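> no sequence for this one, just the structure:
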C-alpha cells in the first residue's frame, strides 16, 4: 500500500479522509496541523496515531508517496513548493488552485518540478458523471456543438468545478479564448476574493464554444435545494442528442435510445468520487502515461479562463488563451465593482 500524509485537518480534509474507506491503493499514515486541538480530533476520528505540527518534519520522517494539501488557498504556492523541494512524488491540492494573477503565475512554475500535482476536482470522478461523460466522448450524442454549464455560487468558489466539467466532457482539450463580464463587489475583500456573478463565452480547440455562468442572479436553479453550492451542472448538445448532469441526477437524449434519466445521492457519489480521484493519483504515480485528468496543467488551463474572464470584463475585449494575466488584476477589478 502507498503511504499518504495529510497537511491540514479541517473540514475539507475530512472529506478526503473519509474516502480512504474506498481507496484501494493507499493508506493514511500521518497527519499535520498547527492547531493541536484540530489535529487530535482528526487523528482520533480517523485512527491516525502519527501526528505532527511541522510539515517539513512529517515529510522528512514519513516519506509519503502522496501528500494531501488541504489548507487555505492563500498559502497554496508556499506549501506546494516545499513539497516539491522535498521530493514528494505526488500531491493532491484542494481547490481553488489559486486566487489571483500573482499566485497563479507562481504556481505555474511548479509545472517544471518532478512532483505530480493534482487538483482536487472530485466531480470529475462522480460515478454517474463518468458514465455520462464516457457516452458523450464516445459519440452517443454525435458531434459536440455547444456546452452550457453553471454554478450559483461565486466564480472563484465553484467556478473551477464547472470549468473542469466542461474540459472533461470535451476530452480535456485546451481553451483558446474567453469573452466575459462580471458584476458585484461584495466578496472582493473576502478570504476568497471574487466577483459575485460572472458569465463568459469560452472557445476551445476545434472551435467548440461553451457558455459558463456563475452567481445567484444569473445561474439557473436546477432543483429544489436551497444551497447555492448544490446547483452545479453541465449540458452538452450534439448533432444527434444531448446530455445533462446536475447535482441530484442526470438526463440524456439520443436518437437510438430516446429520453433517459436518473437520480443520485450527491453525498454517496462524492465519497466514491474522492476515492476515485485518489486512486487515480496512485495510478499516475506508477505510470507516467496515466496522467491524472485533474493534473495541475489542466487545472491551470481552467483557472486561466476565470482570470481571462476578469480581464475581459475590464478590457471589454476577448482574451486569447493561454495568457499571462496582468498584475493587480483583482485590485483593478475591485475598483470597478466596489
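Thanks, I have the structure now. Here the structure is a predicted model, which means the values were calculated and not measured. Numbers count the residues shown, from 1 in each chain.
> Give me the phi and psi for the residue most central in space within the chain.
With distances taken as CA atoms, centre = their mean, residue 121 lies nearest the centre of the chain, 3.3 Å away. The phi/psi pair for residue 121 (degrees, to the nearest 10) reads phi -100, psi 70.
> Kindly report the same for residue 101.
Dihedral angles for residue 101 - degrees, to the nearest 10 - are phi -60, psi -40.
> Tell me if I'm right that it and residue 326 touch.
Yes. Residue 101 is within contact range of residue 326, at 6.3 Å (criterion: CB atoms under 8 Å). Every C-beta, even on glycine, is put in place using the N, C-alpha and C of the backbone.
> more crowded one of these two?
residue 101 (20 against 13; other CB atoms under 10 Å).
> Quick check: the gap between the residue nearest to the more buried one when sequence neighbours are not counted and residue 237.
Once flanking residues are discounted, residue 101 sits nearest to residue 325: 3.9 Å by CB to CB, 6 or more residues apart in numbering. For residue 325, the distance to residue 237 (CB to CB, to the nearest Å) stands at 30 Å.
> what's the answer for residue 303, then?
Counting by CB to CB, the gap from residue 303 to residue 237 is 25 Å.
> Please identify which of these two sits among more neighbours.
residue 303 (26 against 16).
> quick one: contacts for the more buried one?
Contacts for residue 303 (CB atoms under 8 Å, 6 or more residues apart in numbering) come out as 96, 97, 98, 104, 160, 163.
> just the helices in the stretch 1-150 of the chain please.
11-18, 36-46, 55-62, 76-85, 101-108, 127-137 (DSSP state H, counting those that start in this stretch).
> For the stretch 151-300 of the chain, which segments count as strands?
For the stretch 151-300 of the chain, the strands defined by DSSP state E, counting those that start in this stretch occupy 175-183, 197-204, 209-214, 233-238, 241-246, 249-254, 258-263.
> TSV for these, including mean pLDDT?
Converted to TSV, the strands of the stretch 151-300 of the chain look like this (pLDDT from 0 to 100):
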stretch	mean pLDDT
strand 175-183	98
strand 197-204	98
strand 209-214	98
strand 233-238	98
strand 241-246	98
strand 249-254	98
strand 258-263	98
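> between the ones you listed, which gets nearest to residue 84?
strand 175-183 (25.8 Å; CB to CB).
> which residues sit against the closest one?
Contacts for strand 175-183 (CB under 8 Å, 6+ apart): 155, 167, 195-205, 215, 301-302, 304-305, 308-310, 312-313, 317-321, 333, 337.
> try stretch 323-338
Contacts with stretch 323-338, where a contact means CB under 8 Å, 6+ apart, come from 99-102, 104-105, 182-185, 188-189, 193, 195, 304, 307-308, 310-311, 313-314.
> Break the protein down into its structural domains.
Following automatic domain parsing, one finds the domains of the chain at 2-123+272-295, 126-265+300-320.
> start to end distance for the first one?
End-to-end distance of domain 2-123+272-295: 19 Å, with CA to CA, to the nearest Å as the criterion.
> chain center to it, what's the gap?
Here domain 2-123+272-295 is found 14 Å from its chain centre; the criterion is CA atoms, centre = their mean, to the nearest Å.
> Quick one: mean pLDDT over it.
For domain 2-123+272-295, the mean per-residue pLDDT is 97.
> For the buried ones among the contacts of strand 175-183, write the corresponding PyMOL selection.
Of those, the buried ones go into a single PyMOL selection, burial set by 16 or more other CB atoms under 10 Å:
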select buried, resi 155+167+195+196+197+198+199+200+202+203+204+215+301+302+304+305+308+309+310+312+313+318+319+321+333+337
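> Residue 138 versus the residue in the chain sticking out farthest from the centre, what's the distance?
Distance from the C-alpha centroid of the chain, by CA atoms, centre = their mean, peaks at residue 256 (33.2 Å). Per CB to CB, residue 256 is found 12 Å from residue 138.
> next one: residue 244
17 Å.
> cool, and residue 322?
Taken as CB to CB, the span from residue 322 to residue 138 is 28 Å.
> quick one, which of those two is more surrounded?
Neighbours per residue (other CB under 10 Å) separate residue 322 from residue 138, with residue 322 holding more: 15 against 8.
> Over to that one. Which of the three states is it?
Recorded secondary structure, residue 322: coil (DSSP: H, G, I helix; E, B strand; the rest coil).
> The one 4 residues further on too?
In terms of secondary structure, residue 326 is coil; the call rests on three-state DSSP.
> Give the PyMOL command for selecting the buried subset of the contacts of stretch 323-338.
The command below creates a PyMOL selection of those among those that count as buried (16+ other CB under 10 Å):
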select buried, resi 99+100+101+104+105+182+184+185+188+193+195+304+307+308+310+311+313+314
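> Kindly state the pLDDT recorded for the residue farthest from the centre of the chain?
At residue 256, pLDDT is 94.
> how close does it get to residue 134?
According to CB to CB, residue 256 stands 16 Å off from residue 134.
> Pull the number of nearby residues for residue 244.
18.
> before we move on, what about residue 30?
Neighbours of residue 30 using other CB under 10 Å come to 22.
> tell me the contacts of it?
For residue 30, the contacting residues are 5, 6, 48, 50, 51, 52, 58, 61, 62, 64, by CB under 8 Å, 6+ apart.
> so it bridges to which residues?
residue 5 (DSSP bridges).
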